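Participant: pasting a predicted model and its sequence here:
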Amino acid sequence: MYVCICKAISDSDINEAVARGAETLSDIQTSLGAATGCGTCADFAREVINDALLRRLTYAA
Ligand code: FES
């Protein structure tokens, strides 16, 4: 599903970025450009990042 309509960034794109080391909204903004347009997706993008970080920690444990 799309998280950021302005930049056509999906949850899969964010999950892959987190798997490659992204940890913050700023990381995703820099690497993908998400949440750099209108900004209304920023809160949802953070939720997707946090969920992906939890999965990363769970699989690493
Ligand atoms: S929907 Fe993400 S910047 Fe507009």
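Facilitator: Sure, I can see it.
Participant: for the chain, which spans come out with low pLDDT?
Facilitator: 61 (pLDDT under 70).
Participant: can you pull up the most central residue in it?
Facilitator: residue 14 (3.5 Å; CA atoms, centre = their mean).
Participant: tell me what the longest helix along the chain is packed against?
Facilitator: Longest helix in the chain by number of residues (criterion: DSSP state H): helix 42-60. Using 3 or more CB pairs under 8 Å, 6 or more residues apart in numbering; DSSP states H and E as the contact test, the elements touching helix 42-60 are strand 2-4, helix 11-19, helix 25-32. All C-beta spots, glycine's among them, are computed from the backbone N, C-alpha and C.
Participant: what are the buried residues along that helix?
Facilitator: 42, 44, 45, 48, 49, 52 (16 or more other CB atoms under 10 Å).
Participant: widest-spaced pair of those?
Facilitator: The two members of the buried residues of helix 42-60 with the most space between them (CB to CB) are 42 and 52, at 15.6 Å.
Participant: what residues does this structure put near the ligand?
Facilitator: By the criterion of CB under 6 Å from any ligand atom, the positions of the chain lying close to the ligand are 4, 5, 6, 7, 35, 36, 37, 38, 39, 40, 41.
Participant: how about 5 Å then?
Facilitator: For the chain, the residues found near the ligand under the criterion CB under 5 Å from any ligand atom are 4, 5, 6, 35, 37, 38, 41.
Participant: so the fourth one is in contact with residue 14, correct?
Facilitator: No: shown here, residue 35 and residue 14 do not form a contact pair, counting by CB atoms under 8 Å, at 10.1 Å.
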